[in-house]
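[1] let me see the structure of the following:
(one chain, ligands or ions: 1)
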Amino acid sequence: MKPIAISARGVCAAIGKQRVLHGIDLELRAGCWTSVVGPNGAGKSTLLKALAGLLPRAAVQGELRWLGRPLAQIPAPERARLRAWLGQNEGGADELTGYDVVMLGRLPHQSWLAPPGPADHAAVAQALHSTQAWDWRQRPLAQLSGGERQRVLLARALAVQAPVLLMDEPLANLDPPHQTDWLHTMRTLAHAGGTVLSVLHEISFALQADDMLVLAGGRVLHHGACAAPATHAALEQVFGQRIRVRWLDGMWMALPALQRGGPESGPSGPATPAVPE
Ligand SMILES: Nc1ncnc2c1ncn2[C@@H]1O[C@H](COP(=O)(O)OP(=O)(O)OP(=O)(O)O)[C@@H](O)[C@H]1O
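    Below you'll find the model as predicted:
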């Protein structure tokens, strides 16, 4: 059995005076990519921040553990090496070049005021190549398009080379080929033993993860394998039966639940492909 990388027991969190998370219990195993889905306002970003240790301590109740250790007992520099973070709509560092932005991901590995070493430069180059952002390494972040910028920020998270990677809407602004590249990268990381947690609104991409966490109203509605019928049922339920999960072209996909018989369904409707054994 793979070790548990992150666990939460009875975790509640508030933003300001508003209680957003209510008694979250979960275990995320090493070597597993889990996608987090749910309607707007379900608490996905708040959960990710709580698990990342990014909410003020007073705002979180319950027990959070990383690699079996209480989060509160892990010093900040060690936390920064253990988990990489890509937030939603990240700002700042606009005047820095792409290269320097990604080098920020190496700070947890560097001694105070020491210049980056060969391992840092190698990690930055590898990360920039893996998101195909190497060509913009000399350009300021402010001069990049939304998708180019997102690929630099993703490279920054990858350059940390942390065992745990938490990402909030990582596909924002990415074009389809780079969304597909991202999917391959996440599978590779999980296959190599990493723990990946990603909040996604692109449900068909979320279904390519190993496991899925379905949130609603600040609670875990379902946590299970992406291939499990119970997960598909929870997905359809949480989105008010407005999507359908179907097996298409060798993978599970989420399709909009359009009314049958309308012009969208075509002249005679498509045949339903066979589901895997
Ligand atoms: N800064 C804030 N102040 C007050 N309430 C907030 C703040 N940020 C979030 N909330 C509220 O907390 C709840 C959960 O927000 P959260 O961003 O975690 O949801 P989400 O599932 O990530 O949503 P989305 O899919 O829209 O990104 C929402 O009701 C939201 O209105």
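[2] for the stretch 151-277 of the chain, which segments count as helices?
    176-191, 203-206, 229-238 (DSSP state H, counting those that start in this stretch).
[3] and His222, which of these is closest to it?
    helix 229-238 (3.5 Å; C-beta to C-beta). C-beta: built from backbone N, CA, C; applies to glycine.
[4] quick check: residues of this protein near the ligand?
    Ile15, Gly16, Gln18, Val20, Gly38, Asn40, Gly41, Ala42, Gly43, Lys44, Ser45, Thr46 (C-beta under 6 Å from any ligand atom).
[5] tell me the least confident of those residues?
    Checking pLDDT across these, the minimum falls on Gly16 at 88.
[6] what's the burial count for that one?
    A count of neighbours around Gly16, defined by other C-beta atoms under 10 Å, yields 7.
[7] likewise for Gly194?
    Neighbours of Gly194 under the rule other C-beta under 10 Å: 20.
[8] shouldn't it be in contact with Gly31?
    Yes - between Gly194 and Gly31 there is a contact at 7.1 Å, judged by C-beta atoms under 8 Å.
[9] quick one on the thing from earlier: report the buried members of the residues of the chain next to the ligand.
    Buried members of the residues of the chain next to the ligand, counted by 16 or more other C-beta atoms under 10 Å: Val20, Gly38, Ala42, Gly43, Lys44, Ser45, Thr46.
[10] how about TSV for the residues you listed, with secondary structure added?
    Shown next, in TSV, are these (DSSP: H, G, I helix; E, B strand; the rest coil):
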residue	secondary structure
Val20	strand
Gly38	coil
Ala42	coil
Gly43	coil
Lys44	helix
Ser45	helix
Thr46	helix
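[11] and these, which two are the farthest apart?
    Maximum distance among those (C-beta to C-beta): 12.2 Å, for Val20 and Gly38.
[12] and the residue nearest the centre of this protein?
    Ser198 (1.5 Å; C-alpha atoms, centre = their mean).
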